[in-house]
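Asks: give me a model of this one.
(2 chains)
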Amino acid sequence: MAIFTIPHVKINGISACVPKNTIRSEDESVLVGEGAQNFIKMTGIEQRRKADDMTCSSDLCVASAEKILADLKWDRRDIDLLVFVTQTPDYPIPATACTIQRRLELPSSCCAFDINLGCSGWVYGLSVISALLSRGLKKGLLLVGDTVLKFSSKEDKSTYPLFGDAGSATALSYEPSASGLSFDLNTDGEGYKAIRIDDGGYRNPVTKESFVVHERENGIKSNQLQMKLDGMDVFSFGISRAPESVSNLLMANKLTEKNIDFFLFHQANMFMNEKIRKKLKLPAEKVPYSINKFGNTSCASIPLTMVNNLHAQLISKDLTIVGCGFGVGLSWGSVLFTTEKIIVPELLEI
Amino acid sequence: MDINEFVKKFAEQFDETDLTEFKVDTKYHELDEWSSMTSLAIIAMIDEEYSVKIKGDDIRNSKTIEDLYKIVESRK
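Replies: Numbering: from 1, shown residues only, chains lettered A, B, ... in the order given. Next comes the predicted model:
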């Protein structure tokens, strides 16, 4: 069980950015047969945002980073560390973090790299950046974002209507007096096929056949370069592993639900998230949802929910928060942290 | 575990299908109301009531309610 605490690190600010373009579930052509109203009732997703062809995950994250750097009034020369978590990089190579280092005009003494994770990505990214900062680096930026709709088939009702695009930036710093962050991180590679893209890597390189559209089930049409999602496997995984991880993290820190102000879960779908909440016996007012407005935004869903739902509380109060991400990998994890009136700009749109 | 109890709990996950439609040998994939949404409700019910983790293939490969019951029973 990978449970550990990283001391001397604090979160200074969080920002998030979504594309302007809104898609409403009611207008989704792939849901016509199934009934958009049933879909909305089950998933809670009323609308979501879609990046245009010119906009990458990195663009949403760079906009978030520029804003948080300006609002924090940080000197860019002090930033030692840049971690970019995404499954939708700008290029196969180089790592997008290197291109972002240039765009943000960070110093060449900055350590920058990508992490390929989805729904657990913000929690994992926090653990990596915290571990490096705790050794004495000064300041770090965790950029987390995905444009999942770019690799989802419009004719796949099991993926396309669920996902939305978003990016975020979390600013952290070394602070000798800070209590730090506590983590529980896990992996089950047995479930690697539950969420996948079959072709386009080096196990199955792109061929002409990769572009052939197959209908696997009624309403589920996609090619081999688009995401496949086994909804039942992911659901079964989420409702068992997410509550277990949160319970383990609370227990390891000798805390109960009463000590926590908010529980921020990856926004998968309302039916699954409510099962998780009820299993942990958490009061509804402590578990905010942004899924109605943005859908499942992969790794960006937790910071997006903080910016969208908790803006007023984060800027005015000291809070104790638990975050829990779970999904592709299968990979999941939870984080416990405190915030002291942090900087949170209003949600950005580009 | 009691199979009749299982059939009853299975039936409770449906809104429109009459309770009398659900028997031990009911082929649930053939029910009009069967959908991706009812399948998730069944997985949740089995998790809550029996603390057993059911996978997509378990649901897909089972034909009758009894087939699924046997999987749950074997994992208890």
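Asks: restrict stretch B:62-76 to CA atoms and write it as CSV.
Replies: Output of stretch B:62-76 as CSV, limited to C-alpha atoms (Å, rounded to 0.1, in the frame of the first residue of the first chain):
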residue,chain,number,x,y,z
SER,B,62,-24.1,-14.6,-18.6
LYS,B,63,-27.5,-15.4,-20.2
THR,B,64,-29.9,-15.9,-17.3
ILE,B,65,-30.2,-14.3,-13.9
GLU,B,66,-29.2,-17.7,-12.5
ASP,B,67,-25.9,-17.6,-14.4
LEU,B,68,-25.1,-14.3,-12.8
TYR,B,69,-26.2,-15.6,-9.4
LYS,B,70,-23.7,-18.4,-9.7
ILE,B,71,-20.8,-16.0,-10.4
VAL,B,72,-21.7,-14.0,-7.4
GLU,B,73,-22.0,-17.1,-5.3
SER,B,74,-18.6,-18.4,-6.4
ARG,B,75,-17.0,-15.1,-5.4
LYS,B,76,-18.6,-14.8,-2.0
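Asks: which other residues reach it?
Replies: Residues outside stretch B:62-76 that contact it (CB atoms under 8 Å, 6 or more residues apart in numbering or on different chains): B:1, B:3, B:6-7, B:10, B:22-29, B:42, B:46, B:50, B:52-54, B:58-59. In this view, the C-beta of every residue, glycine as well, is placed from N, C-alpha and C.
Asks: and the residue of chain B nearest chain A?
Replies: Nearest residue of chain B to chain A, counting by CB to the nearest CB: B:Gly56, 3.4 Å away.
Asks: excluding its backbone neighbours, what's nearest that residue?
Replies: A:Met232 (3.4 Å; CB to CB, 6 or more residues apart in numbering or on different chains).
Asks: what does A:Arg24 give?
Replies: A:Gln47 (4.7 Å).
Asks: please name the residues that touch the one you found.
Replies: If you count contacts by CB under 8 Å, 6+ apart, then A:Gln47 has A:22-25, A:292-295 around it.
Asks: again, only using 7 Å
Replies: Residues counted as contacts of A:Gln47 (CB atoms under 7 Å, 6 or more residues apart in numbering or on different chains) are A:22-25, A:293.
Asks: on that earlier part again, can you flag the buried ones in the contacts of stretch B:62-76?
Replies: B:6-7, B:10, B:22, B:26, B:28, B:42, B:46, B:50, B:52-54, B:58-59 (16 or more other CB atoms under 10 Å in any protein chain shown).
Asks: and the gap between the nearest residue to A:Leu250 once chain neighbours are set aside and chain B?
Replies: Residue nearest to A:Leu250 in three dimensions, not counting chain neighbours: A:Thr256, with 6.4 Å by CB to CB, 6+ apart. Distance, A:Thr256 to chain B, using CB to the nearest CB, to the nearest Å: 22 Å.
Asks: and A:Thr256, how many residues sit next to it?
Replies: Residues lying near A:Thr256 (other CB atoms under 10 Å in any protein chain shown) number 9.
Asks: so B:Gln13 versus A:Val9, what's the distance?
Replies: Going from B:Gln13 to A:Val9 by CB to CB, to the nearest Å gives 45 Å.
Asks: please apply the same query to B:Ser62.
Replies: Distance from B:Ser62 to A:Val9, by CB to CB: 48 Å.
Asks: now do A:Leu60
Replies: In terms of CB to CB, A:Leu60 sits 25 Å off from A:Val9.
Asks: between these two, who's got more neighbours?
Replies: A count of neighbours by other CB under 10 Å puts A:Leu60 above the other of A:Leu60 and A:Val9, at 32 against 23.
Asks: quick one: what helix or strand has A:Ser58 in it?
Replies: Using DSSP states H and E, A:Ser58 sits within helix A:57-72.
Asks: could you dump the helix ranked longest in chain A to PDB, C-alpha only?
Replies: Taking DSSP state H as the criterion, chain A has its longest helix at helix A:231-252. Below are the C-alpha coordinates for helix A:231-252, written out as PDB (Å, rounded to 0.1, in the frame of the first residue of the first chain):
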ATOM      1  CA  GLY A 231     -18.300   1.200 -19.000                       C
ATOM      2  CA  MET A 232     -19.200  -1.700 -16.800                       C
ATOM      3  CA  ASP A 233     -15.600  -2.600 -15.900                       C
ATOM      4  CA  VAL A 234     -14.800   1.000 -15.100                       C
ATOM      5  CA  PHE A 235     -17.900   1.400 -13.000                       C
ATOM      6  CA  SER A 236     -17.200  -1.700 -11.100                       C
ATOM      7  CA  PHE A 237     -13.600  -0.600 -10.500                       C
ATOM      8  CA  GLY A 238     -14.600   3.000  -9.500                       C
ATOM      9  CA  ILE A 239     -17.300   2.100  -6.900                       C
ATOM     10  CA  SER A 240     -15.000  -0.400  -5.100                       C
ATOM     11  CA  ARG A 241     -11.500   1.200  -5.400                       C
ATOM     12  CA  ALA A 242     -12.200   4.900  -4.900                       C
ATOM     13  CA  PRO A 243     -14.000   4.500  -1.500                       C
ATOM     14  CA  GLU A 244     -11.400   2.100  -0.300                       C
ATOM     15  CA  SER A 245      -8.600   4.500  -1.200                       C
ATOM     16  CA  VAL A 246     -10.200   7.500   0.600                       C
ATOM     17  CA  SER A 247     -10.900   5.300   3.700                       C
ATOM     18  CA  ASN A 248      -7.300   4.100   3.800                       C
ATOM     19  CA  LEU A 249      -5.900   7.600   3.500                       C
ATOM     20  CA  LEU A 250      -8.200   8.900   6.300                       C
ATOM     21  CA  MET A 251      -7.400   6.000   8.500                       C
ATOM     22  CA  ALA A 252      -3.600   6.300   8.000                       C
END
